[in-house]
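Asks: Here you go, sequence then predicted model.
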Amino acid sequence: MATDTERQPLGLPEGSVRAVLALQITLSFWMLVILPDPAQRTLHIPLNLYFLLAFVFMFFVSYGHSAADTEDPEPSPLGLPPLLVQIVILFGTAAILWWQYSTNPDRLKARLAPDELKNAYRFGAALLGGFMVGFLIRAIPGRNSAIFQFIHAWLSMIAMFMLVVEIVVHAFISPTLEESLDVATLEMVITAIVACYFGTRS
């Protein structure tokens, strides 16, 4: 059964899921910047997180000008004041980087260096492939049907859940181990799922 208008995932205002995903990606970055190094090894920002930051910038572009338009009758993402999410992300990131730079610039430089670049092509392919799959799904006729919107809602929840899994692995599990975990495949899957969701909303 088709609907007259496209409903937003989870019944939230337009852009809300993308706002949550952008916040999750940013919070992951913040946590991995400020975490202390485990004994005898240095933590690095996971390479796939740099790829995922592209969607934070996409969120800024999508909801920068339109969110500031006070004549727009549509509610802002998450029902918050316009541009609040962007302001939190921008100034929060600047504050954390400045704090870390002021206290231990060498540690910050080492932390920001991504881990091995050997998987860069895999993450790039996952990001591009996932985004294109999502874009093609959005182009399918009948995307306003109840079935499509049900799948879309589940995709949004899976994307949010997978980002939680990634931060748990990198922030709470990996630092307790003597050697870092090889989770490149998991990171590739997470990158593809998040990219696919953003593709369906592009």
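Replies: Yep, it's here.
Asks: Now do the end-to-end distance for stretch 164-184.
Replies: 16 Å (CA to CA, to the nearest Å).
Asks: Contact partners for the spatially most central residue of the chain?
Replies: Against the mean C-alpha coordinate of the chain, by CA atoms, centre = their mean, the closest residue is residue 25 at 3.8 Å. If you count contacts by CB atoms under 8 Å, 6 or more residues apart in numbering, residue 25 has them with 49, 52, 53, 55, 56, 163, 194. C-beta: built from backbone N, CA, C; applies to glycine.
Asks: where does it fall, helix, sheet strand or coil?
Replies: helix (DSSP: H, G, I helix; E, B strand; the rest coil).
Asks: With residue 178 instead?
Replies: coil.
Asks: quick one on the thing from earlier: distance to residue 109 and secondary structure added to the contacts of residue 25, as JSON lines?
Replies: JSON lines is the format used below for those (distance: CB to CB, whole Å; DSSP: H, G, I helix; E, B strand; the rest coil):
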{"residue": "49", "distance to residue 109": "17", "secondary structure": "helix"}
{"residue": "52", "distance to residue 109": "21", "secondary structure": "helix"}
{"residue": "53", "distance to residue 109": "18", "secondary structure": "helix"}
{"residue": "55", "distance to residue 109": "25", "secondary structure": "helix"}
{"residue": "56", "distance to residue 109": "22", "secondary structure": "helix"}
{"residue": "163", "distance to residue 109": "26", "secondary structure": "helix"}
{"residue": "194", "distance to residue 109": "27", "secondary structure": "helix"}
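Asks: Many thanks, I have nothing further to ask.
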